[in-house]
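Enquirer: got a sequence here, can you build the structure:
(chains A, B, C and D)
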There are 2 protein chains.
Amino acid sequence: MSNLDQGRVATRSTETTRTALIKAATSVFAEYGYDGGSVRLITQRAIANQAAVNYHFGGKDGLYREVLIEATRAFEENAFLDPEELDSLSPENALRRYLHQFLLPLVKRDRVSRYLRIFAWESVRPSEVFSAFVAHSPPRIFVLAERVVRRFLPRDASAETVTFAMLWLAQQPMFFVREAERLAQPPFSLKFDDDALERLVDTLAALSLRGLAGV
Amino acid sequence: MSNLDQGRVATRSTETTRTALIKAATSVFAEYGYDGGSVRLITQRAIANQAAVNYHFGGKDGLYREVLIEATRAFEENAFLDPEELDSLSPENALRRYLHQFLLPLVKRDRVSRYLRIFAWESVRPSEVFSAFVAHSPPRIFVLAERVVRRFLPRDASAETVTFAMLWLAQQPMFFVREAERLAQPPFSLKFDDDALERLVDTLAALSLRGLAGV
DNA sequence: TTCCGCTTCAAACGGCCGTTTGAATTTCGG
DNA sequence: CCGAAATTCAAACGGCCGTTTGAAGCGGAA
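Expert: Now for the predicted structure:
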């Protein structure tokens, strides 16, 4: 039995335990994935009892669901971009704005890197919890990317061409954000501070806009 | 104790068991990753005894090493591209050749999809076996991508710009190959036969060459 | 102070894990 | 066909897994 539907207000102690468990679970799941991350390790890092996971969250999956909720919340904060804002800009500026927004996690890496790793795990083998979680929310990054490329492509472009171009654009920032940890090490050694981020936006915008021949 | 250093020639039966185990291990590791894939499931699919893994390969890690050897071998076959061949082509044709070569797994998917999934697992959390395996072989795809972009970029381009552009190009085919299974499902529903592959090469080549503004 | 519900806790449960063991079986040169 | 080596096999080992259990600790209302 869990306490999920009890009426009492949460005591300080309760909230402390819950918070510590979610925080520890975030790092453990980021490190080892959902299947690979153990409740024992989580409760050990949170300095809590093993049974606390089942008591407060109903089980390992319930705890993971809380982590996913927090992860998407943090992401919406850091990478929020209004679709209509894109339409109000020139195509070139819409492109730059799109790239900048979705490359932002590069410099806020400490805060969102764990969430990025969790999403990376899910991209290899989606857990049931995750699948159910994102079932009814289409990835915003694709929607916005399509809006940007439509500003450039001719009206008679085939649906396939639009999809190709949309995916082509969408995965450009995704790659750098996802692989940031690897790119920070040799042989690349790319460290992304604010200036480097601007240079990356410039380079990607130039390449996407005019291609290799126009750099 | 294993039979790894015995002098006898492999019997038909030995080779049958080894082959069946490697094949089963490939599908299991592709599905669940190295940590998540169990020896019990592998030997069950191979219709072999659990102890056979330790007897023939010295353990789970030895079997995984064989899978990685086979995976890279299959990859070098399917995506081999001579660096000097790129230099002999015009920049435009070198770009097309590069994209075509590294998008090839899209249509040979049945043969290499399992290997792609294994590499995807390793990209999230490299196993010790994998790290040791690739320690002294730089990813060919990056080397070739740099060769291509250098044909286009001005001589005085900064090292950082070259790296950005190289990564930008390298991950374009990687994305489509890695995400092919997801792209085959709604809402994208992209099926890659030979014709679709050519159209994708065309689109990516045009976008990379002249950018969004030049399509 | 007594009581009662919330929370913590140590221990145990059943299950799957990779590996080891030692005997049974098969293979193959002599 | 015999005997030794190679291979297969069922069983067991110790360890980690998520979850359950029931008692103990705790805090606020009566």
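Enquirer: contacts, neighbours, all on C-alpha from now
Expert: Fine.
Enquirer: for the residue positioned nearest the centre of chain A, what are its contacts?
Expert: Chain A has A:Leu116 as the residue nearest its centroid, 4.9 Å off, counting by CA atoms, centre = their mean. Contact analysis of A:Leu116 by CA atoms under 8 Å, 6 or more residues apart in numbering or on different chains lists A:30, A:178.
Enquirer: quick one: secondary structure of A:Ala157?
Expert: coil (DSSP: H, G, I helix; E, B strand; the rest coil).
Enquirer: residue ranges with poor pLDDT in chain A?
Expert: Flagging of chain A using pLDDT under 70 yields the residue ranges A:1-12, A:79, A:136, A:138, A:214-215.
Enquirer: residues from it in reach of chain B?
Expert: A:31-32, A:35-36, A:117, A:120-121, A:124-125, A:149, A:152-153, A:161, A:163-165, A:168, A:171-172, A:175, A:188, A:200, A:203-204, A:207-215 (CA under 8 Å from any CA of the partner chain).
Enquirer: ok and the residue in chain A nearest DNA strand D?
Expert: The nearest approach of chain A to DNA strand D comes at A:Ser38, 3.1 Å away (CA to the nearest atom of the strand).
Enquirer: name the SS class of the nearest residue to that residue once chain neighbours are set aside, please.
Expert: Nearest residue to A:Ser38 in three dimensions, chain neighbours excluded: A:Val28, at 7.8 Å (CA to CA, 6 or more residues apart in numbering or on different chains). Look at A:Val28: counting by three-state DSSP, its state is helix.
Enquirer: any idea how many residues pack against A:Val53?
Expert: Neighbours of A:Val53 under the rule other CA atoms under 10 Å in any protein chain shown: 25.
Enquirer: ok, A:Asp156 next?
Expert: A:Asp156 has 8 neighbouring residues, counting by other CA under 10 Å.
Enquirer: check A:Val67 too.
Expert: 22.
Enquirer: how near is it to B:Tyr34?
Expert: To B:Tyr34, A:Val67 is 24 Å away according to CA to CA, to the nearest Å.
Enquirer: and chain A, which residues reach DNA strand D?
Expert: A:1, A:35-41, A:50-51, A:53-54, A:58-61 (CA under 7 Å from any atom of the strand).
Enquirer: let's go with 6 Å and repeat that
Expert: A:37-40, A:50-51, A:54, A:59-60 (CA under 6 Å from any atom of the strand).
Enquirer: DNA strand C next: which of those are close?
Expert: A:Ala51.
Enquirer: could you dump the residues of chain A next to DNA strand D to a markdown table with secondary structure and neighbour count?
Expert: What follows is the residues of chain A next to DNA strand D, written out as a markdown table (DSSP: H, G, I helix; E, B strand; the rest coil; neighbours: other CA atoms under 10 Å in any protein chain shown):
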| residue | secondary structure | neighbour count |
| --- | --- | --- |
| A:Gly37 | coil | 18 |
| A:Ser38 | coil | 16 |
| A:Val39 | helix | 23 |
| A:Arg40 | helix | 14 |
| A:Gln50 | coil | 15 |
| A:Ala51 | helix | 13 |
| A:Asn54 | helix | 18 |
| A:Gly59 | coil | 15 |
| A:Lys60 | helix | 17 |
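Enquirer: what is the nearest of the residues of chain A next to DNA strand D to B:Phe80?
Expert: Ranked by distance to B:Phe80 (CA to CA), the residues of chain A next to DNA strand D are led by A:Gly37 at 37.6 Å.
Enquirer: and that closest one, what are its phi and psi?
Expert: Dihedral pair for A:Gly37: phi -80, psi 130, per degrees, to the nearest 10.
Enquirer: ok, it touching A:Ala24?
Expert: No. Using CA atoms under 8 Å as the test, A:Gly37 is too far from A:Ala24 to be in contact (10.6 Å).
Enquirer: can you tell me the element A:Leu197 falls in?
Expert: A:Leu197 belongs to helix A:194-210 when assigned by DSSP states H and E.
Enquirer: before we move on, the earlier item: specify the local secondary structure of the residue nearest to the centre of chain A.
Expert: Assigned with three-state DSSP, A:Leu116 falls in the helix class.
Enquirer: try A:Thr17
Expert: Quick answer, by three-state DSSP: A:Thr17 is helix.
Enquirer: state the distance from it to chain B.
Expert: For A:Thr17, the distance to chain B (CA to the nearest CA, to the nearest Å) stands at 29 Å.
Enquirer: with A:Lys191 instead?
Expert: Distance of A:Lys191 to chain B, computed by CA to the nearest CA: 11 Å.
Enquirer: for whichever helix or strand A:Ile42 is part of, name the packing helices and strands.
Expert: Using DSSP H and E, A:Ile42 sits within helix A:39-45. Helix A:39-45 sits against helix A:12-36, helix A:51-57, with contacts defined as 3 or more CA pairs under 8 Å, 6 or more residues apart in numbering or on different chains; DSSP states H and E.
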